[in-house]
Every structure is written in C-alpha cells, then in structure tokens.
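Student: would you be able to build a 3D model of this:
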Amino acid sequence: MTEEEIGKIHSEIGTVIYKNYVNQALLRGSIEEKDFDFFSNIQRMLSMKPDHCQGLLRDAKENRVSVLLEKIFAQLKVLPESVKKMRTTAATVEVDFVKDLKVSAQQRGKLFGVERDAAIDTGALSPDNQSLVAELHTSLQLGDKTTKNILLECKQRRTLSHLVQAAASLRQNRSESAVAELKTMLRYGKLLPAKVNAPAVLVTEKQWLYLLFQADVITGGAVKESARELINLLKTMFGFSDANLEVRV
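Tutor: Below is the predicted model:
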C-alpha cells in the first residue's frame with residue numbers, strides 16, 4: 001500500500017473514533033479538557049489534519065443541538081423544559097441558531113412563546129422580574145419588534161382563553177374554578193394591562209365574575225393593597241366603569 005492509501009485509511013478510522021468520542025462527550029453535556037487531550041492524541045496518532053478534526057467537532061456540536069431541536073418540534077406539545085435544555089446546550093457548545101442551524105424566525109418565536117407562557121403561569125415572569133424575556137430575546141436572536149409582537153399576541157390569546165374558561169365555570173356553578181382562571185388571566189394582564197375583548201362573555205357574566213373575585217381576595221372585610229391592585233386590574237381588563245359594577249338580576 002502507498003503512503004497515500006495508508007493515510008486515507010488512518011483518516012477514515014480516525015474520523016469514526018473521533019466522531020464517536022465527541023458525540024459521547026456531548027451527550028454528557030459538555031466537552032472537558034481531558035476530552036480535548038484525547039482528541040489531540042487521536043489526531044496525532046492517526047496523522048489527521050487539524051482543520052479536518054475541527055470540522056468534525058463543529059459538525060458534531062451542530063448535530064447535537066439540531067437533534068434536540070427536531071425532538072422538540074416532533075412532540076405533540078412542546079415542553080418548556082425541553083426548550084430550555086436545548087438553549088442551554090446550544091450556548092454551552094457555542095452553536096448559533098441563525099448562522100449555524102438556520103432556524104426560522106417563526107420557529108424561534110414559537111420557542112420563545114413556550115418558555116414565556118410557562119414562566120407567566122408559574123409566576124417566574126412578572127412586571128418586577130422580566131429577566132427571562134431579555135434572556136430569550138438574546139438567546140433566540142429575536143428583534144425588538146418581533147419580541148413585542150409575540151408578547152402582545154400571547155397576552156391577548158391567553159387572557160381571552162382564561163376569561164372564556166372562567167365564564168364557562170361560572171355557568172356550571174364552579175366558583176372556585178372561575179376564580180382560579182381569573183387569577184391566571186391577571187398574571188398575563190399585569191404585563192400589559194388592557195381590556196380583554198371577549199364577545200362570547202356577557203357583561204352580566206363579567207359582573208358576577210368580578211364580584212366572585214372580589215369576595216375571594218377580600219378577607220375579614222379588609223382590603224389589602226395587593227388585593228386592591230388585582231381588583232383594579234380586573235376592572236381594567238373587563239373594561240368596567242363604576243356604573244358597570246351594579247349587577248342586575
């Protein structure tokens with residue numbers, strides 16, 4: 001065999017070993033110093049070209065994040081923990097969603113929405129703590145206008161959904177469920193306070209919901225400042241004036 005043929009065989013064997021070890025390291029979460037030492041040994045022993053090895057390493061990193069991304073969109077319901085894991089992995093291995101993976105703005109917007117909705121539902125995202133919005137904005141490379149539009153669309157969609165569910169619970173005489181829906185709706189309303197347009201919900205139903213909520217948050221006849229703020233926010237989201245608060249049976 002010629003030296004060229006031997007070199008080609010070494011390169012092919014080295015490529016398989018190199019790729020397998022890199023993939024195993026990435027499955028653990030990150031590539032450590034000892035891993036790079038091993039890569040260097042393979043490269044030296046099998047006379048592999050440095051640029052070829054760098055290419056293999058880069059491809060493996062991009063493939064790892066790409067696989068996680070494909071799994072996310074293959075799910076019937078995209079889970080926020082899956083999105084966070086994928087973003088963390090991409091940051092660790094320095095893979096760019098736009099430059100390296102060509103992830104569309106629509107897909108990045110969906111990923112943004114999944115994590116953001118979960119954070120609002122749990123109370124992790126609030127008017128006083130919006131660090132996650134900035135983190136997602138930067139991580140997913142979304143423009144300021146796109147981020148604002150996504151937040152507005154989310155607020156409108158989720159507040160409407162929770163109001164409709166609250167009204168449905170009211171019609172079924174499930175007061176606790178109705179109040180729980182209103183409380184979740186208010187978490188979204190705190191971010192962008194505005195009237196919720198819900199033609200399917202009658203004014204009288206909103207009035208009864210308002211009274212139910214008021215009764216739930218007022219304890220012992222006293223109104224705490226935090227409760228007063230929520231009541232006023234609900235009033236704003238219902239588009240009520242004082243005249244609307246007289247319930248007619």
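
Student: whatever helix or strand residue 168 lives in packs against which elements?
Tutor: Taking DSSP states H and E as the definition, residue 168 sits inside helix 144-171. In terms of contacts (3 or more C-beta pairs under 8 Å, 6 or more residues apart in numbering; DSSP states H and E), helix 144-171 is packed against helix 105-122, helix 131-139, helix 175-191, helix 203-217. To be clear about C-beta, it is placed using only N, CA and C from the backbone, and glycine gets the same treatment.

Student: need the contact list for the residue most central in space within the chain.
Tutor: Residue closest to the mean C-alpha point of the chain, counted by C-alpha atoms, centre = their mean, is residue 115 at 1.5 Å. Shown in contact with residue 115 (C-beta atoms under 8 Å, 6 or more residues apart in numbering): 80, 83-84, 132, 136.

Student: can you get me a residue count around residue 30?
Tutor: Using other C-beta atoms under 10 Å, residue 30 has 10 other residues around it.

Student: what about the nearest residue to it once chain neighbours are set aside, how many residues nearby?
Tutor: Nearest non-adjacent residue to residue 30, counting by C-beta to C-beta, 6 or more residues apart in numbering: residue 92, 5.1 Å away. By the measure other C-beta under 10 Å, the count of residues near residue 92 is 15.

Student: buried set for the helix holding residue 168?
Tutor: 146-147, 150-151, 154-155, 158-170 (16 or more other C-beta atoms under 10 Å).

Student: just to revisit the earlier point, tell me the one of the contacts of residue 115 nearest residue 25?
Tutor: Relative to residue 25, the closest of the contacts of residue 115 is residue 84; by C-beta to C-beta it sits at 21.1 Å.

Student: so the host helix or strand of that closest one versus helix 131-139, what angle?
Tutor: Taking DSSP H and E as the criterion, residue 84 maps to helix 80-92. With axes from the mean of the first three to the mean of the last three C-alpha atoms, to 10 degrees as the basis, helix 80-92 and helix 131-139 are set at 50 degrees to each other.

Student: alright, I will stop here.
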